[in-house]
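# Sequence isn't available, so here's the structure alone:
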């Protein structure tokens, strides 16, 4: 036992001397290269990363080169090619829309004349779709209306006034933005017109009192007769309440209700106009002579005091512009 203890103490003293003296034992020197080699073999920085990077890069390069020409051409934008010189140039969105309308105008109004080949036309239309152009998704009537205006300004009308007014009225009733002008259009004598648009939110708000009252009455009736849960009463009474709300609004509360808005042709201030009657005051003659609700209203602009005329059928606001 004493001999074993002496041996351990001598070993510890030898190790301490080796560490303090900077030397290394033969066994430690022999093991250190093996450990270093193992660490170098296991390290992702020194061994794995440099070997994996070229393979990954070549894989990505190979995948990029697999796109064929037809697929690449699908993503390329439309370019105009000069038939004489063969030079190609990119077009802006406005130029593409004008070229698209010119193609339609030439085809429909010039006996089927083609400005572009079929594949070029399809590529132009596809490019407009990718750019989010509104012209590319115009309906048949909208295209017809735009081309009719273009032909009229060229001095070559393609439809008479009656057909044009019918087309304009049909587009306006459908809510198309093609027939709406951003500003007022004026004649030589100073009469200006601006478009009226339906204010759906305020128009529907007129139906709220009747619908809410009908829903309350229907829920109470279902609860006291069938003894159903209030939530279930609301579900069952929604449709009858809506029908009652429409009847009450159009026959008792309002007659021919319509709320529209448009800018004053003189000062461009937004005007809210109500067409219809309230509690049959005008219809029954309670305020003036008895008459049905008028389709034309005359009023003054709250800002510039210009006399304005609102036309319900034509959806136009007319006034005289100050010179």
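Perfect, I can see it now. Being a predicted model, the structure only gives us computed values, none of them experimental.
# Give me the domain ranges for this structure.
Annotated domains of the chain cover 88-182, 197-320 [automatic domain parsing].
# Check the secondary structure at the residue nearest in space to the middle of the chain for me.
The chain has residue 132 as the residue nearest its centroid, 9.2 Å off, counting by C-alpha atoms, centre = their mean. Following DSSP: H, G, I helix; E, B strand; the rest coil, we place residue 132 in the coil state.
# Need the phi and psi values for it.
Backbone geometry at residue 132, expressed as degrees, to the nearest 10, gives phi 70, psi 30.
# per-residue confidence at it?
pLDDT for residue 132: 86.
# same thing with residue 205?
Note on residue 205: pLDDT of 94.
# separation between it and residue 249?
Separation of residue 205 from residue 249 (C-beta to C-beta, to the nearest Å): 10 Å. (Glycine included, C-beta is placed from N, CA and C.)
# Comparing those two, which shows the higher neighbour count?
Between residue 205 and residue 249, counted using other C-beta atoms under 10 Å, the more crowded position is residue 249 (20 against 12).
# quick check, that one in a strand?
No: according to three-state DSSP, residue 249 belongs to no strand; its state is helix.
# residues contacting it?
Neighbour list for residue 249: 206, 207, 209, 210, 211, 257 [criterion: C-beta atoms under 8 Å, 6 or more residues apart in numbering].
# Please tell me which one of those counts the most neighbours.
residue 210 (23 neighbours).
# I'd say it and residue 246 touch.
Yes: assessed by C-beta atoms under 8 Å, residue 210 is found in contact with residue 246 at 7.3 Å.
# quick revisit: how about JSON lines for the contacts of residue 249, with secondary structure and distance to residue 292 added?
Formatted as JSON lines, these follow (DSSP: H, G, I helix; E, B strand; the rest coil; distance: C-beta to C-beta, whole Å):
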{"residue": "206", "secondary structure": "coil", "distance to residue 292": "18"}
{"residue": "207", "secondary structure": "coil", "distance to residue 292": "21"}
{"residue": "209", "secondary structure": "helix", "distance to residue 292": "23"}
{"residue": "210", "secondary structure": "helix", "distance to residue 292": "21"}
{"residue": "211", "secondary structure": "helix", "distance to residue 292": "25"}
{"residue": "257", "secondary structure": "strand", "distance to residue 292": "13"}
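# which pair in the residues you listed spans the largest distance?
With distances taken as C-beta to C-beta, the most widely separated pair in these is 211 and 257, at 13.4 Å.
# Strands along the chain, start to end?
79-81, 88-90, 185-186, 191-195, 197-198, 254-263, 270-278, 296-300, 307-311, 316-320 (DSSP state E).
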